[in-house]
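Q: Sequence below, structure please.
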Amino acid sequence: MWAIGAPHTSSLKFDASSFSFGFHGKDVMTMEDVGSRTRSVAVAGPVAHLEAAVAGTGFGNVHAAAHRYEVVDIMSRLKLAGGRYHFIGAGGVGMSGLARLLLGKKAIVTGSDQNSGAATSRLNGLGARIYAGHSADNLDPATEVVVISAAIKESNPELQMARRRGCRVFKYAQFLGELMEHFQGVAISGTHGKSTTTGWLVYTLKQIGIDPNFVVGADVLQLDGSSGCGDTDLFVVEACEYDRSFHNFKPSIACVLNIERDHLDCYKDEADIVDSFHQFAKGVRPNGVLIANGEDMNVRKLIDRLEDGRNRGTMEALMRGDASSPPRIVTFGLDPRCNVSAHNVRQQSGFYHFDVFQDGRPLGPTRISLPGLHNVRNALAVIATAVSIGAEADQVLESLDGFKGMDRRLMLKGILPAPGSKSEKDHIDRIDPIDEGGNEAPQPQRGAFPPQSRPAPGRGICVLDDYAHHPTEIQASLKAIRERYQPRRLWCVFQAHQYGRTHALLDEFAHSFAQADKVIIPEIYFARDSQASCDAVNAEILTERIRACGADVQHIATFAAVCDYLEQNVDAGDVVVTMGAGDVWKVSDEYIQRLRRNR
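A: As a prediction, the model looks like this:
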């Protein structure tokens with residue numbers, strides 16, 4: 001059995017100098033080569049050092065030259081410019097993000113979604129043509145490629161027309177994988193935290209002068225959305241395990257944050273899930289890197305299997321005369337035996353400060369603006385991945401705490417006066433905009449309140465929104481909220497997501513609310529559920545199981561009734577968090593509107 005800190009071969013040592021895209025932080029100066037439409041980067045230091053950094057990575061598009069290397073112009077190489085792409089189900093975060101990426105590469109984008117919304121409106125504003133509703137007439141005869149969301153069925157009229165015309169058809173994840181074949185891919189996976197970690201990594205790279213292309217599964221205020229076009233050969237993506245979609249990715253760097261039971265509508269059991277992550281990790285390109293949580297039991301099982309396969313594969317490769325090396329493994333965690341670890345972890349005003357070590361050697365102190373110990377681990381994953389890309393560690397550590405977070409991830413919606421108080425204005429100057437009639441979560445507002453100066457609720461009522469929909473995520477988020485805001489009472493309005501998940505993890509859900517003083521359970525959010533799943537569990541059963549574990553909980557079916565109850569019972573100094581992957585964010589928005597009207 002592999003153990004943290006057990007002796008590895010030298011190929012497993014974390015050594016950024018032997019794995020780099022050639023970025024060297026402060027030593028990089030960008031110049032535009034007008035004639036070739038490539039970007040040239042002058043690098044201080046001897047050419048031999050640059051060649052050594054690039055050698056062995058397998059990244060053929062980073063070319064060492066006389067004191068410079070070139071990053072190939074992806075738009076020209078893939079001939080995306082002028083290509084015609086049609087997105088069916090274009091309104092989702094991932095699909096709309098991918099469409100925006102193609103628009104940034106000068107592609108011609110059309111598509112449709114069942115309803116118009118903020119995402120489709122934004123795409124239209126950027127030059128796409130996105131229709132409301134599905135019709136065969138929506139498909140332009142010149143369309144070359146059709147991308148469909150996971151929700152699209154074969155009976156969709158646009159998909160049927162695309163097949164008749166011979167268009168190339170990809171599922172969302174398949175097309176992401178196809179794009180990654182032409183980039184140096186970085187894929188962030190895990191049952192929990194992958195959206196936050198992906199967005200955090202992209203933000204950090206941009207702060208230190210590395211501009212990647214990216215697609216994240218949630219909006220990032222500081223990145224102006226969920227996707228973007230960069231001027232490098234890097235492509236950073238969130239890699240989701242649902243339906244084994246991340247098997248489509250063959251990245252140069254992969255990260256596995258954690259592995260736990262979930263998505264049991266497409267996996268048999270936990271062992272099946274570990275197998276799936278193992279398959280994903282095996283897809284890392286030769287000479288690449290796997291960043292892995294060294295404290296997670298299931299991730300350790302994956303590493304064990306990779307080590308066994310590595311030893312067999314190395315012998316076979318030697319017999320074939322193959323000079324490529326299997327991916328190296330870099331572990332991260334709070335345990336000092338991990339390659340990248342956090343020491344002297346401490347809290348100040350609800351946020352974490354810690355010292356970062358690499359293979360026992362101090363890299364320096366850092367702090368993060370996201371609450372919760374789980375985000376310390378996410379930060380370590382960002383550090384390990386960024387340094388593996390070639391970023392300077394000190395620059396990474398300096399940049400971490402500038403990241404303010406993701407849409408619907410421990411998101412502060414506002415701190416408002418309690419009903420009947422004498423205050424005539426909000427306790428903070430930023431309240432997220434309310435979407436009065438739409439079905440999509442409102443877009444994050446610019447000018448977010450700086451996390452380091454966020455006040456405790458005090459005499460006001462603090463309203464948060466969070467995406468946690470798995471028992472482990474619920475526990476981590478509630479603990480982080482209590483640490484950060486120190487509420488008089490913590491109210492959690494939890495909307496379970498999927499009947500199937502609720503039934504499969506019912507025992508775990510029942511024990512997840514110990515950190516909350518008051519819990520409200522509305523109806524379960526229906527998504528991809530079978531009739532058998534709907535018959536097996538309901539919100540009343542979930543409520544009773546939570547109550548049996550000692551929580552103060554009640555079932556209130558409708559969002560309007562939930563808001564009524566909050567109005568009548570929440571008081572100054574309380575924190576209210578709406579939680580779940582469905583549309584429970586509507587409760588926080590409506591409740592804020594009522595607080596505004598009643599003051």
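
Q: show me where the stretch 101-250 of the chain has helices.
A: 118-125, 157-165, 172-180, 194-207 (DSSP state H, counting those that start in this stretch).

Q: What of the stretch 251-400 of the chain?
A: For the stretch 251-400 of the chain, the helices defined by DSSP H, counting those that start in this stretch cover 270-282, 297-320, 374-389, 393-399.

Q: following the last one, which helix or strand comes up?
A: Right, the one you point to is helix 393-399. Following helix 393-399 in sequence order, the next helix or strand is strand 411-417 (DSSP states H and E).

Q: what lines up beside that following strand in the sheet?
A: strand 460-466 (antiparallel) (DSSP bridges).

Q: Pull the strand it pairs with out as CSV, backbone CA atoms only.
A: Provided in CSV are the C-alpha atoms of strand 460-466 (Å, rounded to 0.1, in the frame of the first residue of the first chain):
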residue,chain,number,x,y,z
GLY,A,460,-27.7,42.9,10.7
ILE,A,461,-28.8,39.7,8.9
CYS,A,462,-26.2,38.1,6.7
VAL,A,463,-27.5,36.3,3.6
LEU,A,464,-25.2,33.8,1.7
ASP,A,465,-25.7,31.4,-1.2
ASP,A,466,-23.8,28.2,-1.7
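
Q: Residues in contact with that strand: which ones?
A: With Cβ atoms under 8 Å, 6 or more residues apart in numbering as the test, strand 460-466 has contacts from 408-418, 421, 423, 426-427, 456, 477, 481, 485, 487, 570-579, 584-585, 588, 591-592, 595. Quick note: C-beta positions are derived from backbone N, CA and C, even for glycine.

Q: got the contact list for the helix or strand following that strand?
A: Per DSSP H and E, the first helix or strand lying C-terminal to strand 460-466 is helix 471-485. Residues outside helix 471-485 that contact it (Cβ under 8 Å, 6+ apart) are 191-192, 260, 347, 350-351, 371-375, 410, 454, 456-457, 462, 464, 466-468, 487, 490, 492, 494, 505, 508-509, 511-516, 575, 577, 579.

Q: Find the nearest non-adjacent residue to residue 293, please.
A: residue 299 (4.7 Å; Cβ to Cβ, 6 or more residues apart in numbering).

Q: My read is that that neighbour contacts residue 259, right?
A: Yes. The pair residue 299 and residue 259 passes the contact test of Cβ atoms under 8 Å, sitting 5.6 Å apart.

Q: what bits of this protein have low per-residue confidence?
A: 1-78, 311-324, 420-458, 599 (pLDDT under 70).

Q: In this protein, which residue is most central in space?
A: residue 195 (0.9 Å; Cα atoms, centre = their mean).

Q: show me what contacts that one?
A: 216, 217, 218, 238, 406, 409, 467.

Q: rerun that using 10 Å as the cut-off
A: Contact analysis of residue 195 by Cβ atoms under 10 Å, 6 or more residues apart in numbering lists 93, 188, 216-220, 226, 238, 240, 406-409, 467.

Q: Distance of it relative to residue 216?
A: 6 Å (Cβ to Cβ, to the nearest Å).

Q: Can you check which residues contact both of those two?
A: Joint contacts of residue 195 and residue 216 (Cβ under 10 Å, 6+ apart) are 93, 188, 226, 238, 406, 407.

Q: Can you tell me the closest non-neighbouring residue to the third one?
A: Pointing back at residue 226 there. Among residues not flanking residue 226 along the chain, residue 97 sits closest, at 3.7 Å (Cβ to Cβ, 6+ apart).

Q: cool, the last one as well?
A: Leaving aside its sequence neighbours, residue 407 sits nearest to residue 219 (Cβ to Cβ, 6+ apart; 4.0 Å).

Q: for the one you found, what are its contacts?
A: Residue 219 sits next to 93, 96-97, 118-119, 195, 199, 225-227, 406-408, 441, 443-444 when contact means Cβ under 10 Å, 6+ apart.

Q: Tell me which of the helices of the stretch 101-250 of the chain sits most buried.
A: Among those, helix 194-207 has the highest mean neighbour count (mean count of other Cβ atoms under 10 Å), at a mean of 26.

Q: and that helix with helix 374-389, angle?
A: If you take axes from the mean of the first three to the mean of the last three Cα atoms, to 10 degrees, helix 194-207 sits at 50 degrees to helix 374-389.

Q: Distance from the chain centre to helix 194-207, please.
A: Taking the mean of its C-alpha atoms, helix 194-207 sits 8 Å from the chain's own mean (Cα atoms, centre = their mean, to the nearest Å).

Q: Pull that helix out as CSV, backbone CA atoms only.
A: Output of helix 194-207 as CSV, limited to C-alpha atoms (Å, rounded to 0.1, in the frame of the first residue of the first chain):
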residue,chain,number,x,y,z
LYS,A,194,-13.1,21.5,-8.9
SER,A,195,-14.9,24.7,-10.1
THR,A,196,-13.3,26.8,-7.3
THR,A,197,-9.8,25.3,-7.9
THR,A,198,-10.0,25.7,-11.7
GLY,A,199,-11.1,29.3,-11.4
TRP,A,200,-8.5,30.0,-8.8
LEU,A,201,-5.7,28.5,-10.9
VAL,A,202,-6.7,30.6,-13.9
TYR,A,203,-6.9,33.8,-11.9
THR,A,204,-3.5,33.1,-10.3
LEU,A,205,-1.8,32.4,-13.7
LYS,A,206,-3.2,35.6,-15.1
GLN,A,207,-2.0,37.6,-12.1
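
Q: Nearest residue to residue 302 in space, ignoring adjacent ones along the chain?
A: residue 278 (5.1 Å).

Q: Measure how buried the one you found is and give me the count.
A: 19 (other Cβ atoms under 10 Å).

Q: ok, now residue 569?
A: Neighbours around residue 569, by other Cβ under 10 Å: 12.

Q: so how far is residue 271 from it?
A: 44 Å.

Q: Over to residue 163?
A: 36 Å.

Q: For residue 588, what is the enclosing helix or strand?
A: Going by DSSP H and E, residue 588 is part of helix 585-598.

Q: now the angle between strand 411-417 and that helix, please.
A: What separates the directions of helix 585-598 and strand 411-417 is an angle of 20 degrees, with the same axes, to 10 degrees.

Q: which other helices and strands contact helix 585-598?
A: With contacts taken as 3 or more Cβ pairs under 10 Å, 6 or more residues apart in numbering; DSSP states H and E, helix 585-598 sits against strand 411-417, strand 460-466, strand 490-494, helix 559-569, strand 575-579.

Q: next helix or strand past the third one?
A: Elements were assigned by DSSP H and E; along the chain past strand 490-494, the next helix or strand is helix 499-504.

Q: Residues contacting that following helix, please?
A: With Cβ under 10 Å, 6+ apart, helix 499-504 has contacts from 261-267, 269, 469-471, 496, 498, 509, 524-539, 541-542, 545, 581.
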